[in-house]
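Chemist: Requesting a structural model of the entry that follows:
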Amino acid sequence: MGNGDTRVRGIAARAGGWSARHRWAAVGIWVLFVVLAMGLGSAAGRVDVKDSDQMGGETHTAARIVEDAGIDEPAGESVLIQTKDGKLTATDAEFRAAVTAVVQAVEGTGEVTGVTSPYEARTISKDGRSALVQFDMRGEADTAGERVEPVLKAVEGVQKDHESLRIEEIGGASMMKTFDDAFGDDFQKAEYSAVPVALGILLVAFGALVAALVPVALAITAIMATMGLMGLVSHFQPMSDTANSVMLLVGLAVGVDYCLFYLRREREERAAGRDAQTALRIAAATSGRAIVVSGVTVCVAMAGMLFTGIAEFEAMGLASLMVVAVAMVGSVTVLPALLSLLGERVEKGRVPFLRRRQRRGTAEGSRFWTAVLRRVLAKPVLSAAVAVGALLAVAAPAVGMKTQNLTLDQEFGDSLPIVQTYNRVNEAFPGGSDPAEVVVKADDINAPEVRAALADFREQAVGSGASRGPVDITMHDEQNVALVHVPLVGGSDQDKAGESLDKLRDEVRPATLGKVDGVEAPITGQVAGNKDFNDQLVGSVAPVFAFVVVFAFLLMLLSFRSLTVAITSIVLNLLSVGAAYGILVAVFQHGWGASLVGAEGVGAIVTWLPLFLFVILFGLSMDYHVFVVSRIREARLRGRTTRDAIQHGVVTTAGVVTSAAVIMVAVFAIFGTLSMQSMKQMGVGLAAAVLIDATIIRGVLLPAVMALLGERNWYLPKWLHRLPDLTHDEAPEAVAPPARDDEGERVGV
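Modeler: Take a look at the predicted model:
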């Protein structure tokens with residue numbers, strides 16, 4: 001029984017059927033696609049996001065002016081010379097000797113230009129106990145970190161000769177090198193360790209090496225193909241290294257998940273006594289369809305990032321969308337072909353201990369979820385109330401969420417010596433390490449009225465209280481551009497520095513440079529960039545939210561032909577995202593239990609994370625939701641009561657959902673082990689959300705809500721019956737199938 005012909009319809013079923021019949025052709029086409037994508041991508045090269053496209057607002061305008069003028073701003077460096085005991089001052093002979101030694105040492109490396117003494121540039125602190133020797137690195141700023149080593153060694157040599165003084169270097173190049181040395185390998189280790197971690201979990205889940213290798217192999221080939229496609233697409237939408245990391249993270253998660261769904265269903269059907277061909281056809285019609293629905297929904301969610309107008313987000317969104325699409329196509333095409341080719345050999349490489357444990361764990365998992373479901377379905381009102389109350393309590397801290405781009409000390413704490421140097425420079429020279437830069441563009445930069453406006457701006461910048469000076473002006477006569485560097489009062493205190501920036505933009509500039517016709521004077525810099533980025537991100541929240549929610553709702557409506565399922569899908573996903581936000585705020589903003597995850601309460605959530613998490617989580621959580629609800633609907637169409645269908649659907653999917661969740665949590669948690677606080681926040685937020693989604697949402701709240709709704713779960717207003725029918729015919733079971741008309745169409749529940 002169950003080995004007869006099974007009629008199926010739908011793209012996933014047809015693709016799976018064709019692949020199973022043309023096994024070698026399907027595998028060959030997939031390999032050819034991966035090779036071609038990689039080859040063409042390598043030949044085309046990759047275009048990365050330009051600095052001028054990274055930000056919006058005035059920051060973008062300033063970068064465009066500098067780029068169009070062909071001005072290559074070098075990487076600026078400073079050497080802090082500071083008395084340790086407070087006795088020496090900049091006028092003492094020993095202090096002067098140290099300054100001279102620093103100037104001679106850095107000039108002697110041949111790697112620097114424009115060295116200025118603090119006595120000439122007036123870069124001496126008000127108390128006279130700190131001074132800055134400033135210079136620029138030769139060559140391109142982007143690669144300055146690779147050439148700064150001799151300069152750092154020269155400064156270290158001067159420090160050894162002047163023990164009574166603190167002599168430390170800081171700047172764009174030295175920070176670039178320090179971070180690359182400290183954390184450059186950190187990301188690679190996280191990315192490389194994700195694959196063996198996923199493989200190890202799959203080995204435990206399946207108890208067989210071949211079965212565990214298949215999902216990893218498909219995920220890796222999908223990632224490889226996407227990397228090639230990113231090269232081609234980058235000529236239309238520039239990419240970035242961050243997009244690479246996100247693509248790998250998402251690709252591994254969904255690629256393994258999709259294969260896991262398919263493999264588990266095929267195994268289940270074979271265990272029920274069906275032959276290999278029928279088991280594959282059923283898996284294609286059921287799990288294959290769930291993969292397509294989930295994949296399209298995830299792609300739509302990722303596409304939401306394209307509405308931010310921020311190049312980095314657009315790159316991440318497009319890269320994630322592509323890898324999900326490739327993994328989805330591979331799961332419903334080459335995977336059935338591989339399973340058909342392998343046959344019983346998919347069980348090769350069995351590990352006896354793991355095999356026994358896997359079987360025992362599956363049985364225990366079913367017993368566990370059966371016990372949970374029995375209590376949930378017995379008291380659905382109480383279960384739903386407790387689950388919703390718990391989620392709302394967890395989400396409550398998110399109401400007071402504060403977002404900002406993390407400062408150097410917030411991002412890295414005191415783990416690096418250069419962070420301490422950064423803090424000391426900011427204390428002695430508020431705003432000196434992150435000055436605002438006014439990019440002044442005029443028809444004639446040397447015109448008397450422009451020169452006068454520049455002088456007025458310099459004077460009023462200090463007079464208004466926005467800066468304590470010195471305000472430096474660098475003229476580029478040939479390009480008719482002037483660069484004005486203004487140290488902001490507030491220094492590393494983002495709120496105070498932001499107030500100083502507002503004074504420059506809203507008061508000082510209109511009263512000076514703003515009065516000269518034809519002059520552009522956008523203000524950029526670290527603080528300005530943060531503000532412009534925040535403003536642009538906040539402005540994009542509404543359109544991104546609306547796009548993702550509306551399209552996800554429509555996809556659920558078309559895929560399940562139920563208004564109720566579509567609405568509950570959105571509400572449950574929003575609860576899951578809200579709970580993840582609450583955990584982030586509690587841990588990283590308030591510091592509750594921060595030490596448990598090796599983090600620090602930095603007082604804020606990094607600006608880009610909330611929107612990023614919303615898009616990623618809203619997409620990924622659909623994996624479980626579509627898979628579980630599809631199984632419940634399938635059981636209902638086979639003739640079970642709604643309550644029985646709920647229990648059957650949740651219990652039979654518990655194993656695969658648990659395994660998929662463990663893999664996702666493990667992969668995301670790896671990023672939570674990185675030293676950067678922003679990466680910790682991302683890893684912890686993703687891991688916590690997936691854990692909540694796979695347990696409280698899918699194991700308690702979803703069945704409780706569906707039990708309360710009963711037959712209303714399948715409600716579709718008559719006026720919506722004309723919508724396209726994207727449902728599928730399920731495999732026959734021992735029970736009588738629901739009635740069908742002569743054309744083979746399903747009669748709605």
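
Chemist: C-alpha from now on. contacts and neighbour counts both.
Modeler: Will do.

Chemist: For Leu537, which non-adjacent residue is closest in space?
Modeler: Thr308 (6.6 Å; Cα to Cα, 6 or more residues apart in numbering).

Chemist: how much space between that neighbour and Gly639?
Modeler: 46 Å (Cα to Cα, to the nearest Å).

Chemist: The two: who's more crowded?
Modeler: Thr308 (21 against 17; other Cα atoms under 10 Å).

Chemist: The more buried one touches Ser540, doesn't it?
Modeler: Yes. Counting by Cα atoms under 8 Å, Thr308 touches Ser540, with 4.9 Å between them.

Chemist: Could I get the full set of strands for the stretch 301-450 of the chain?
Modeler: 403-404, 436-441 (DSSP state E, counting those that start in this stretch).

Chemist: try the stretch 451-600 of the chain
Modeler: 472-476, 481-486, 523-525.

Chemist: ok, back up a step: lowest average confidence across the strands of the stretch 301-450 of the chain, which one?
Modeler: When these are compared on mean pLDDT, strand 403-404 scores lowest, with a mean of 82.

Chemist: And the contacts of that strand?
Modeler: Asn530, Asn534, Ala604, Ile605, Val606, Thr607 (Cα atoms under 8 Å, 6 or more residues apart in numbering).

Chemist: now that we're looking at the second one, how far away is Gly57 from it?
Modeler: If I follow you right, that is Asn534. Taking Cα to Cα, one finds Asn534 at 10 Å from Gly57.

Chemist: part of a strand, is Arg640?
Modeler: No. Using DSSP: H, G, I helix; E, B strand; the rest coil, the assignment for Arg640 is coil, not a strand.

Chemist: Quick one: neighbours of it, just the number.
Modeler: 17.

Chemist: Got the confidence number for it?
Modeler: At Arg640, pLDDT is 87.

Chemist: Please report phi then psi for it.
Modeler: Reported as degrees, to the nearest 10, the phi and psi values for Arg640 are phi -70, psi 160.

Chemist: cool, Gly591 as well?
Modeler: Dihedral angles of Gly591 (phi, psi; degrees, to the nearest 10) stand at phi 80, psi 20.

Chemist: likewise Leu80?
Modeler: phi -80, psi 130.

Chemist: That one: how many residues sit nearby?
Modeler: 26.

Chemist: show me what contacts it?
Modeler: Ser130, Ala131, Leu132, Val133, Arg166, Ile167, Glu168, Glu169, Ile170, Thr421, Val425.

Chemist: Against Arg46, how distant is the last one?
Modeler: This means Val425. For Val425, the distance to Arg46 (Cα to Cα) stands at 38 Å.

Chemist: more crowded one of those two?
Modeler: Shown here are Val425 and Arg46; by other Cα under 10 Å, Val425 has more neighbours (27 against 20).

Chemist: Please tell me how far the more buried one sits from Thr123.
Modeler: According to Cα to Cα, Val425 and Thr123 sit 11 Å apart.

Chemist: With Gln159 instead?
Modeler: When Cα to Cα is the yardstick, Gln159 and Thr123 sit 19 Å from each other.

Chemist: do the same with Val585
Modeler: Taking Cα to Cα, one finds Val585 at 40 Å from Thr123.

Chemist: Show me which of those two is the more surrounded one.
Modeler: Using other Cα under 10 Å, the more surrounded residue of Val585 and Thr123 is Val585, with 29 against 21.

Chemist: Tell me who's in contact with the more buried one.
Modeler: Pro397, Ala398, Gly400, Met401, Ala604, Ile605.

Chemist: try Ser240
Modeler: Asp48, Val49, Glu312, Ala315, Met316.

Chemist: All the strands of the stretch 1-150 of the chain, in order from the start?
Modeler: 76-83, 112-116, 130-137.

Chemist: So which elements touch the last one?
Modeler: Think strand 130-137. Helices and strands touching strand 130-137, by 3 or more Cα pairs under 8 Å, 6 or more residues apart in numbering; DSSP states H and E, are strand 76-83, helix 93-108, strand 112-116, helix 118-121.

Chemist: One more: the second one?
Modeler: In terms of contacts (3+ Cα pairs under 8 Å, 6+ apart), strand 112-116 is packed against helix 93-108, strand 130-137.

Chemist: Do you know the pLDDT at Ala225?
Modeler: 95.

Chemist: That one sits in which helix or strand?
Modeler: For Ala225, the host element (DSSP states H and E) is helix 209-233.

Chemist: after that helix, next one along is what?
Modeler: helix 241-271.

Chemist: what distance separates that following helix from the centre of its chain?
Modeler: Offset of helix 241-271 from its chain centre (Cα atoms, centre = their mean, to the nearest Å): 18 Å.

Chemist: buried stuff in it?
Modeler: Buried residues in helix 241-271, defined by neighbour count with 16 or more other Cα atoms under 10 Å: 243-267, 269-270.

Chemist: And stretch 677-696, by the same measure?
Modeler: Those would be 677-694, 696, for stretch 677-696 by 16+ other Cα under 10 Å.

Chemist: Please enumerate residues in contact with it?
Modeler: Against stretch 677-696 from outside (Cα under 8 Å, 6+ apart): 387, 406, 410-412, 576-577, 579-581, 583-584, 588, 599-600, 605-606, 609, 613, 617, 621, 624, 657-658, 661-662, 664-666, 668-674.

Chemist: and what of stretch 35-54?
Modeler: 59-64, 67, 224-232, 234-235, 238-240, 310-312.

Chemist: Just the buried subset of those, written out for ChimeraX, thanks.
Modeler: Buried members of those, defined by 16+ other Cα under 10 Å, are picked up in ChimeraX with:
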select :59,60,61,62,63,64,224,225,226,227,228,229,230,231,232,234,238,239,240,310,311,312
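
Chemist: residues in contact with the closest residue to Val484 other than its chain neighbours?
Modeler: Nearest residue to Val484, sequence neighbours excluded (Cα to Cα, 6+ apart): Ile473, at 4.5 Å. Counting by Cα under 8 Å, 6+ apart, Ile473 makes contact with Ala482, Leu483, Val484, His485.

Chemist: Filter these down to the buried ones.
Modeler: Neighbour counting over the contacts of Ile473 (16+ other Cα under 10 Å) leaves Ala482, Leu483, Val484, His485 as the buried ones.

Chemist: who does the last one bridge with?
Modeler: With DSSP bridges applied, His485 shows beta-bridge pairing to Glu437, Asp472.

Chemist: Make a markdown table out of the strands of the stretch 301-450 of the chain and add distance to Val214 and mean neighbour count.
Modeler: Listed next are those as a markdown table, based on distance: least, Cα to Cα, whole Å; neighbours: other Cα atoms under 10 Å:
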| stretch | distance to Val214 | mean neighbour count |
| --- | --- | --- |
| strand 403-404 | 41 | 18 |
| strand 436-441 | 53 | 24 |
